[in-house]
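Enquirer: The amino acid sequence is not available; the structure is as follows:
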């Protein structure tokens, strides 16, 4: 058995070398695996950073587009409210002016006769003249009509103001001068 034991002992250096070589191969394989894992992790991080960058860019662009659309919508809504308020102010102005014109028409002697003379001047002496239900007169001739009623007179007077009518609803600085 000594021979066998001696033989076994003779293989000990071979086994040790095989074990050392196996450990070296394992360490090299492990080092390569770690290196490959680090490269894969670095590539994944770079890809994630690129995806995040583009996502941020896309989100920013989309957010800017949404904000621009919302701003435009808000501006349109504000303009619509402003126009509605101006329309209400104009309607109220027309109502008040018509009321004052009607009061003067009814209280000043000769006003109806002056309007009738104007109607006859425009339509001729055979014009048919009637009272307008809201004050003033209506005059007709074959195929023609002259509306000298209070609402029409007020509309024409305010229309003659043109763009200046817009100053009627501008705020003022307290001294009667427009702010805007």
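Expert: Sure thing, it's come through. Just so you know, these numbers come straight off a predicted model, no measurement behind them. Residues are numbered from 1 along each chain as shown.

Enquirer: Could you use CA atoms for every contact and neighbour count after this?
Expert: Fine.

Enquirer: how much space between residue 142 and residue 128?
Expert: Noted for residue 142: a distance of 9 Å to residue 128, by CA to CA, to the nearest Å.

Enquirer: Between the two, point out the one with more neighbours.
Expert: residue 128 (16 against 9; other CA atoms under 10 Å).

Enquirer: who's residue 129 bridged to?
Expert: With DSSP bridges as the criterion, residue 129 is bridged to residue 139.

Enquirer: burial count for it?
Expert: 18.

Enquirer: show me where the protein has strands.
Expert: 128-131, 136-141, 144-149 (DSSP state E).

Enquirer: For residue 27, find the nearest of those strands.
Expert: With distances scored as CA to CA, the stretch of the strands of the chain nearest to residue 27 is strand 144-149 (108.1 Å).

Enquirer: Okay, buried residues for the closest one please.
Expert: 145, 146, 148, 149 (16 or more other CA atoms under 10 Å).

Enquirer: name the helices or strands packed onto the top helix by length along the chain?
Expert: As assigned by DSSP state H, the longest helix anywhere in the chain is helix 2-107. For helix 2-107, the elements it packs on are helix 150-161, judged by 3 or more CA pairs under 8 Å, 6 or more residues apart in numbering; DSSP states H and E.

Enquirer: Report all helices and strands that the helix it packs on contacts.
Expert: With contacts taken as 3+ CA pairs under 8 Å, 6+ apart, helix 150-161 sits against helix 2-107.

Enquirer: Just want the angle from the helix it packs on to strand 144-149.
Expert: Interaxial angle, helix 2-107 versus strand 144-149 (axes from the mean of the first three to the mean of the last three CA atoms, to 10 degrees): 90 degrees.
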